[in-house]
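# How does the following fold in three dimensions:
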Amino acid sequence: MGLNVSLSTDDPLQFHFTKEPLLEEYSVAAHVCCRSAFQVRISLAELARSGFEMEVKRHWLGQEWYLPGAAGNDIHKTNVPNTHLTYRHRTLVEELPLVTQKVGVPIP
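Numbering: from 1, shown residues only. You can find the predicted model right below:
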C-alpha cells in the first residue's frame with residue numbers, strides 16, 4: 001500500500017535558500033516531478049523520518065503525529081483522510097506477522 005521514500009537531497013536542513021527548507025524541497029520536487037496530490041501524501045512518511053526537531057514535525061503534521069494510523073492524523077495539516085490512514089495502518093498490522101513468519105525474525 002505504499003513505500004517509505006524520501007527526497008534525494010544533500011542536507012536540506014543546512015543548505016537552503018528560504019526560511020522554509022521543507023517547503024522549498026517539496027516545491028522543487030512538485031515542479032520537477034509534477035507530483036499529484038496523492039503522491040504528496042508520501043511526504044508524511046518522509047517528514048516523520050526526517051532529522052527535523054519534534055516541534056517542526058508538530059507544526060507540519062499535527063500535535064500527535066507520532067501515533068499510528070488516524071490517531072496521529074491532523075487532517076487540517078496533512079490533507080489525508082482518516083479512512084486512508086486507518087486502512088493503511090490496519091493493513092500493516094495484518095501483514096507484519098506474515099513478514100515476521102517468512103523472515104523468521106520478530107519485527108519490533
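# what's the following helix or strand after the least confident helix or strand in the chain by mean pLDDT?
Counting by mean pLDDT, DSSP states H and E, the weakest-scoring helix or strand in the chain turns out to be helix 37-40, with a mean of 51. Sequence-wise, the next helix or strand downstream of helix 37-40 (DSSP states H and E) is helix 42-48.
# Mind listing what's buried along the following helix or strand past that following helix?
From helix 42-48 onward toward the C-terminus, using DSSP H and E, the following helix or strand is helix 54-61. For helix 54-61, the neighbour count (16 or more other Cβ atoms under 10 Å) marks 57-58, 60-61 as buried. Every residue, glycine included, has its C-beta placed from N, CA and C.
# Would you mark the buried spots in the strand or helix carrying Lys102?
Assigned by DSSP H and E, Lys102 belongs to helix 82-103. Neighbour counts using 16+ other Cβ under 10 Å place 84-85, 88-89 of helix 82-103 among the buried residues.
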